[in-house]
Each structure stands twice: as structure tokens, then as C-alpha cells.
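coords please:
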Amino acid sequence: MNKRAVALCGVTALAASALVTSAGAAGAETGSAPSTPRTTAVTWKKCATADYPTLQCASLKVPLDHHRPHGRQITLALSRVPHTAKKSQGPLLVNPGGPGGSGLTLAGFVATSLPKDVAAQYDVIGFDPRGVGKSKPALDCKPGYFNPVRPPSVPTTKAIEQANLKRAASFARACGDKYGDILPFIDTVSTVKDMDAIRAALGAKKLNYFGYSYGTYLGAVYAKYFPERVRRLVLDSIVDPTGVWYRDNLGQDYAFHARHQAFMAWVAKYDATYKLGKDPAKIEAKWYAMRDALAKKPAEGKVGAGELEDTFLPGGYFNGYWPYLAEAFAAYVNDKDADPLVEAYGNFAAIDASGDNGYSVYTSVQCRDAWWPRDYRRWRADNTKVHEKAPFSTWNNAWYNAPCLSWPTPPLGPTDVTNSALPPVLLFQATDDAATPYEGGATVHRLLRGSSLVVEQGGGNHGITLSGNACLDKHLATYLASGKVPRSGGEVDAVCKKLPDPAPLTTKAASPSATSSGTALHGLLGFRG
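So this is what the prediction gives:
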């Protein structure tokens, strides 16, 4: 649910007073002069953290409305890990997805996760997109919107349905009342133009870009608007741009259900540990019985049916969470102990102020970007049909997006990202990804002529590079170092085996530590994006 690691909020708070010279040099390949006049200088300050001691921070003013460049200005928060090699390949702008995800800490993660000799060639640049985090103004339409306990997601009664509809409408109304002058400019295309303003302010003729999840759509739209300014483009876990956003969300529902069933099969494999049985279907029935019970009596007044779905949804993004979710599941079913479940909710699903901000931007972008049905009867019919085959999170996802039913700003319409004017582009996609199903990667591979698609066969995680798979990371490093991409002449250019699924915990723990690259990455990417 766009929940991000708390560390994201602390990047600029640690800023020191010493100034660092802005790096405008982009090397021979990108040039040192911007292709458009630089209107704002970027002044970098130290904002080191324990994990990222060379991290720097800055801010950049951009127009709220890019059609009125001298009108009202807003501020973007930036971060940087500067290059250390003698020759720079220019800025590598990174984005974790969302919409609504903060990218400040991601710059440090990418710079330290790439091979040292590759990272040394780039100024790795993170940013909080307009409306997000440390950028100003930052949106927070209705603080506490996700406070427990919400109405159950599945509308088994008219009262539950109406409660969810009223709740979603209240959020849309609150956004319009609070940010009516800003909402028309919180959208993908405006963010893409901000990205080009960042490029220009850094003094680079061309931009290198690396995006995860929704960040892949940002990258594809940037390439559509500014194809001549793309130098390298990496897209990992790819949004289907032909389905934004209503159809894409329905597609997610089937994929998350399949991923939840994979988790049930994993629990069955380790019956000796969890004692929930060896039949995945029967284990799944126990999970739905748990949901029904929590709908009637929320655990400790905090975890109802909706909060349970929120808690287990992250397992659809990253299987590293499965052991922790299984522990909570087993404790509730076998021992009637809700404490581990409540603790898991706090670790994986509870929404804080940064989560409120992320959701405010998520809805603002998705509802503004594309057309959504305005007649709830269409939503009811479509989600009822999907729920019959995919009951895990269909209605949870529907209500998450339901503010778009009555969003106060009209839709712009999606961008056709078809492009034949780009240098080689590198795409990464797992076959069993739930958040961005495989079809998205295959579609973008067709639409971006000359792109190369690297597939993680059997992989189900969302965000697969810099997450422990050496095969995938080798392709990434080669491309960033030299621009070379794999070519097969077929629909897929290279295939990597998935990483093994996790094993049960050897010691009790409520949540995973961030010591592994996979856990660290997924803590930054968050959920719902």
C-alpha cells in the first residue's frame, strides 16, 4: 500500500551544511551542456546516512503547469550519489514506482548494489515526484484514511457496499477540497516533464533512466515525449501501458490470486513447520475462514478482513515475506493466538503519514491519467465476475481505486508509448509477477522497437534486478557499462532461472531484516506499485 521504509523520510533531515559542487559533466557521450536552457541551478548538500555515506541532497523548482513555465513553481526533492570514475556516463535517474513512491533512498540503494566499477561511472539520481515525500507541496488528502478497522472488502451486504462507496467518495471529495488547484497537474505526463527538467538542470544532453513498476510507465512515457534525450533505459517489472489503469487493476486481481495460491502451496510443503495441512486447497479454505472470522470479530480491534488482506498482499510482491506471514497464519488458526497476526499487520500493512501521502498521490495520478468508469454498476459487474475466480484481493483492490469513481478532475487519457526512435532498451520481467503481470513486459517489448526482454522464468517477485539474482544483474551491469543488450531474434532475448523460494524461519521473528538485497529492495519499492 505504498508503505515505504521509515528511512525514506530521514534522507534530507540529515543534511549537513557543507556544500558540494554540482556535477554537470556528463562525459563525452552525453555532453556537458544541456539541450535546453538551464533555468535552475542545483546545489548539492551532504545528507549521508549510515547505509549511504556519500548521499547528497538538493531541491529543484519546476512549474506546476509546464504549459506556463513562468507561473506558479513547486519544489522537487532530489538525491545523488556522485560518480567517482574519471569519465562519467552522466546521470542515472531512478524511480521505485507507485505512483507515490519516494525515490530519495533508492539512489543510494542502486549505487551500492550495482558493481562498483559500473556505479562509479554514474551520478545516480533519486527524486520525490511532484506531490510526494520531501517535494513541496506534498499531498495528504485525508490523514488516517486507512486507520483500522475498515468495512470488509467483499460486499456481502448492501450496507457493506454502501459503506465502502461512501468512504471512497469522501476521500475524493477531501482531495478536491484540499488540493483543487493542484490535482490537475498531478499526473504522469507532468512528472515526465519534471524528469526532463531534472536532466536539464544537471546539464546533461541525454538521460539514463532505471525504473521499477509504475516507474516503467514513467520511463516509457518519457521516451515517447523525449526520444532524442534517451541514452539508456532500464524497465523492471513492467506496467501494461495499454490497460492503464482500470483494466490493469482487474488483471492484477487474477495474478495476485494465483500468487496467493502459490503461497498456500508453499505452506503445504512445510506442513511439519506450520501444521496447517498438506493440501493447498484446504489450507486456502482455512485462510478464507480466518478472513470471515476477522470480518465478524477483528483481532485486537485492529485487524479486520480488509486489514488481513492488506497484511498478506505484500506476499504477492515478494516471497521473502512468506515465512513471516505463515507464522502469523498458523498461530491464529492453530493456537487461536492473534498477536503474531496483529504484529504482522503492523510490519507489513499499517499506514503511517508517508503512506497517507503515497496513497494521495497514487489516487491523484491514476484517476487523472486515464478514463475510469463513472457508473458503479460497471465496477460491480466487473469485480463480481473477477471475484468469482480470484477472491483473494479483488474487492480490496476495487475499493482502493474507487475514489476514481468520483474524482474531481477530468481524465487526460493514457499515452501511447509506441516508439521506434530509441537506442537499445533493456526490459526485465518475471513470468509470475502479480503486480505487473507478464503480459505487460511482452507488450512493451513489442511497442518499443529494438528493445530486449530478459525474463525470470518461474519468478513471482515484483522488482527482480538488484534483488539477488546474479543472472539478471549481469545483464543489467553489462548494459549500464557498455549499452550492450542480449539479442535472440525471438520474443524473449534472454532467460534467467528464478531464485529458490525461502525456507521457514529457524527462529521466531515478526518481520525480515533488511540484510538481504531482496528485502532491502522491496522495502523501498513498497506495495500497490
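
Can you pull out the low-pLDDT segments for the stretch 401-529 of the chain?
Filtered on pLDDT under 70, the stretch 401-529 of the chain yields the residue ranges 507-515, 529.

May I see the buried residues of the top helix by length along the chain?
Using DSSP state H, we find that the single longest helix of the chain is helix 246-269. Within helix 246-269, the residues that count as buried by 16 or more other CB atoms under 10 Å are 246, 248-264, 266-268. To be clear about C-beta, it is placed using only N, CA and C from the backbone, and glycine gets the same treatment.

Could you do stretch 115-132 as well?
The neighbour-count check on stretch 115-132 (16+ other CB under 10 Å) flags 118-132 as buried.

Grab the CA positions of that stretch and hand them over as PDB.
Taking Å, rounded to 0.1, in the frame of the first residue of the first chain, the C-alpha atoms of stretch 115-132 are listed here in PDB:
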ATOM      1  CA  PRO A 115      29.000  -3.500  -9.300                       C
ATOM      2  CA  LYS A 116      31.400  -0.800  -8.000                       C
ATOM      3  CA  ASP A 117      33.000  -0.200 -11.400                       C
ATOM      4  CA  VAL A 118      29.600   0.400 -13.000                       C
ATOM      5  CA  ALA A 119      28.200   2.600 -10.300                       C
ATOM      6  CA  ALA A 120      31.400   4.700 -10.300                       C
ATOM      7  CA  GLN A 121      30.500   5.800 -13.900                       C
ATOM      8  CA  TYR A 122      27.200   7.400 -13.000                       C
ATOM      9  CA  ASP A 123      25.700  10.100 -10.900                       C
ATOM     10  CA  VAL A 124      22.800   8.100  -9.500                       C
ATOM     11  CA  ILE A 125      19.900  10.500  -9.000                       C
ATOM     12  CA  GLY A 126      16.800   9.900  -6.900                       C
ATOM     13  CA  PHE A 127      13.800  12.100  -6.700                       C
ATOM     14  CA  ASP A 128      10.500  12.500  -4.900                       C
ATOM     15  CA  PRO A 129       8.000  13.100  -7.800                       C
ATOM     16  CA  ARG A 130       5.600  16.000  -7.500                       C
ATOM     17  CA  GLY A 131       3.300  15.700  -4.500                       C
ATOM     18  CA  VAL A 132       5.500  13.000  -2.900                       C
END
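
average model confidence for that stretch?
When pLDDT is averaged over stretch 115-132, the result is 98.

for it, the distance to its chain's centre please.
Chain-centre distance of stretch 115-132: 16 Å, with CA atoms, centre = their mean, to the nearest Å.

And for stretch 352-370?
Taking CA atoms, centre = their mean, one finds the center of stretch 352-370 at 12 Å from the center of the full chain.

repeat for stretch 227-235
Offset of stretch 227-235 from its chain centre (CA atoms, centre = their mean): 20 Å.

next one: stretch 161-168
26 Å.

before we move on, the earlier item: just the mean pLDDT for the longest helix of the chain, thanks.
For helix 246-269, the mean pLDDT works out to 98.

Can you name every helix or strand that it contacts?
Helix 246-269 sits against helix 280-296, helix 322-335, helix 376-389, helix 394-401, with contacts defined as 3 or more CB pairs under 8 Å, 6 or more residues apart in numbering; DSSP states H and E.

Could you give the bridge partners of the nearest residue to D194 once chain neighbours are set aside?
Spatial nearest neighbour of D194, excluding adjacent residues (CB to CB, 6 or more residues apart in numbering): V62 at 5.1 Å. Following DSSP bridges, V62 is listed with bridge partners I74.

Tell me how many other residues surround V62.
23 (other CB atoms under 10 Å).

you'd agree it is up against L78?
No: using CB atoms under 8 Å, V62 makes no contact with L78, being 11.0 Å away.

just to revisit the earlier point, export the longest helix of the chain as CSV, just CAs?
Extracted in CSV, the C-alpha atoms of helix 246-269 (Å, rounded to 0.1, in the frame of the first residue of the first chain):
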residue,chain,number,x,y,z
TYR,A,246,-8.8,0.2,-14.8
ARG,A,247,-8.1,-2.9,-16.9
ASP,A,248,-4.6,-3.3,-15.5
ASN,A,249,-6.1,-3.4,-12.0
LEU,A,250,-8.6,-6.1,-13.0
GLY,A,251,-5.7,-8.1,-14.5
GLN,A,252,-3.8,-7.7,-11.2
ASP,A,253,-6.6,-9.4,-9.3
TYR,A,254,-6.2,-12.7,-11.2
ALA,A,255,-2.4,-12.6,-10.8
PHE,A,256,-2.5,-11.8,-7.1
HIS,A,257,-4.9,-14.7,-6.6
ALA,A,258,-2.6,-17.1,-8.4
ARG,A,259,0.4,-15.8,-6.3
HIS,A,260,-1.6,-16.3,-3.1
GLN,A,261,-2.3,-19.9,-4.2
ALA,A,262,1.5,-20.3,-4.7
PHE,A,263,1.9,-19.2,-1.1
MET,A,264,-0.7,-21.7,0.0
ALA,A,265,1.2,-24.5,-1.8
TRP,A,266,4.5,-23.3,-0.1
VAL,A,267,2.8,-23.6,3.3
ALA,A,268,1.6,-27.1,2.4
LYS,A,269,5.1,-28.1,1.5
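
Contacts only, for the residue nearest to D194.
V62 sits next to 40, 73-76, 130, 193-194, 197 when contact means CB atoms under 8 Å, 6 or more residues apart in numbering.

Can you give me the end-to-end span of stretch 368-384?
25 Å (CA to CA, to the nearest Å).

distance between it and the chain's centre?
For stretch 368-384, the distance from its own C-alpha centre to the chain's C-alpha centre is 23 Å (CA atoms, centre = their mean).

What lies in contact with that stretch?
Residues from elsewhere that reach stretch 368-384 (CB under 8 Å, 6+ apart): 155, 161, 165, 183-184, 186-188, 244-246, 250, 253, 394-395, 398, 401-402, 404-407, 409, 411-414.

which parts of it are buried?
Buried residues in stretch 368-384 (16+ other CB under 10 Å): 368-370, 372, 379, 382-383.

and what of stretch 213-227?
Of all the residues in stretch 213-227, those buried under the rule 16+ other CB under 10 Å are 213-224, 226.

Can you tell me which of the residues you listed is closest to M290?
Ranked by distance to M290 (CB to CB), the buried residues of stretch 213-227 are led by S213 at 28.8 Å.

I'd like the distance between that closest one and T394.
Applying CB to CB, to the nearest Å, the value for S213 to T394 is 20 Å.

ok, now T75?
Distance from T75 to T394, counting by CB to CB: 39 Å.

how about low-confidence regions in the stretch 251-400 of the chain?
In the stretch 251-400 of the chain (pLDDT under 70), no residue qualifies.

quick one: L235 is in a helix?
No: according to DSSP: H, G, I helix; E, B strand; the rest coil, L235 belongs to no helix; its state is strand.

wait, what's in contact with the residue nearest to it when sequence neighbours are not counted?
Of all residues not flanking L235 in the chain, T216 sits nearest, at 3.9 Å (CB to CB, 6+ apart). T216 makes contacts with 97, 235-239, 436, 440, 444, as judged by CB under 8 Å, 6+ apart.

likewise V110?
So V110 contacts 92, 94, 119, 124, 210, 466 (CB under 8 Å, 6+ apart).

Give the helix, strand or coil label for the first one.
What it means is L92. Under three-state DSSP, L92 comes out as strand.

related to what we said a few turns ago, what helix or strand is the residue nearest to L235 located in?
Here T216 sits within helix 214-225, counting by DSSP states H and E.

do V189 as well
Per DSSP H and E: helix 188-201 holds V189.

quick one: S488 from V495, how far?
According to CB to CB, S488 and V495 sit 9 Å apart.

Mind listing the shared neighbours of those two?
Joint contacts of S488 and V495 (CB under 8 Å, 6+ apart) do not exist.
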